[in-house]
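Asks: Kindly return the folded structure for what I paste below:
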Amino acid sequence: IPVVIMGETGCGKTRLIAFMCDIIKQSILSRFDEQDAPENVNNLITLRVHGGITSAMISDKIVEAEEQAFINKNIDEKFETIVFFDEANATSEIDLIREIMCNHTINGRGINSSIRFIAAVNPYRKHTPDMIELLKKAGLGYRTGDADVVDRIGDIPL
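Replies: Next comes the predicted model:
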């Protein structure tokens, strides 16, 4: 089942997923003595999505997750790996993310069945000028408009 979490910037979506994955990881690791604890244990693979993300970058992250899933399954058969698409709606590659999350395939190739996918998205809405000022003051990633950008190549803001 695809899981998508929606919430305003800074509300804790990313932190929630990291916290939940850490709880799962600690429950698995608690079964081992300190000297026998496995190395390279990671059950959260995060892809911070932005407008420059390419399908190749997404594919590389899935390969990384499959390699980690193999390690995790050797630790415990029930130890799943989570791929987290943070700000999934910030890219033109959203259809590839949909394929991954809904079909459990990437470009038609099946993905390791022990990998689970979660996406976080920010709602899209036009903010009032007062809200824009609050976001800027809070440092929560509000982006300025094209007119506010000084560095340009012709009419294109950098």
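Asks: Just give me the neighbour total for D22.
Replies: 12 (other Cβ atoms under 10 Å). C-beta here means a position set from N, CA and C on the backbone, and glycine is covered the same way.
Asks: for the one 10 residues further on, same thing?
Replies: One way to gauge burial is a neighbour count; for F32, by other Cβ under 10 Å, it gives 13.
Asks: phi, psi of it?
Replies: The phi and psi values for F32, taken as degrees, to the nearest 10, are phi -110, psi 150.
Asks: correct me, but it touches P38?
Replies: Yes. With contact defined as Cβ atoms under 8 Å, F32 and P38 form a contacting pair (6.8 Å).
Asks: and the most centrally placed residue in the chain, which of the three is it?
Replies: Compute the mean C-alpha point of the chain, and by Cα atoms, centre = their mean the closest residue is F85, 2.5 Å away. Secondary structure assignment for F85 (DSSP: H, G, I helix; E, B strand; the rest coil): strand.
Asks: That one - nearest residue in space that isn't next to it in sequence?
Replies: A119 (4.2 Å; Cβ to Cβ, 6 or more residues apart in numbering).
Asks: In contact with E80, which residues?
Replies: I24, N43, A69, N72, S114, I115, R116 (Cβ atoms under 8 Å, 6 or more residues apart in numbering).
Asks: Can I get the helix or strand where I17 lies as CSV, trimmed to CA atoms?
Replies: I17 is located in helix 13-29, with elements delineated by DSSP states H and E. Provided in CSV are the C-alpha atoms of helix 13-29 (Å, rounded to 0.1, in the frame of the first residue of the first chain):
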residue,chain,number,x,y,z
LYS,A,13,6.9,14.6,8.4
THR,A,14,10.6,13.7,7.8
ARG,A,15,11.4,13.5,11.5
LEU,A,16,8.4,11.2,12.1
ILE,A,17,9.6,8.7,9.5
ALA,A,18,13.2,8.8,10.8
PHE,A,19,11.9,8.3,14.3
MET,A,20,9.7,5.3,13.4
CYS,A,21,12.5,3.7,11.4
ASP,A,22,14.9,4.2,14.3
ILE,A,23,12.5,2.4,16.7
ILE,A,24,12.3,-0.5,14.3
LYS,A,25,16.1,-0.6,13.9
GLN,A,26,16.6,-0.5,17.7
SER,A,27,14.1,-3.3,18.3
ILE,A,28,16.1,-5.5,15.8
LEU,A,29,19.5,-4.6,17.2
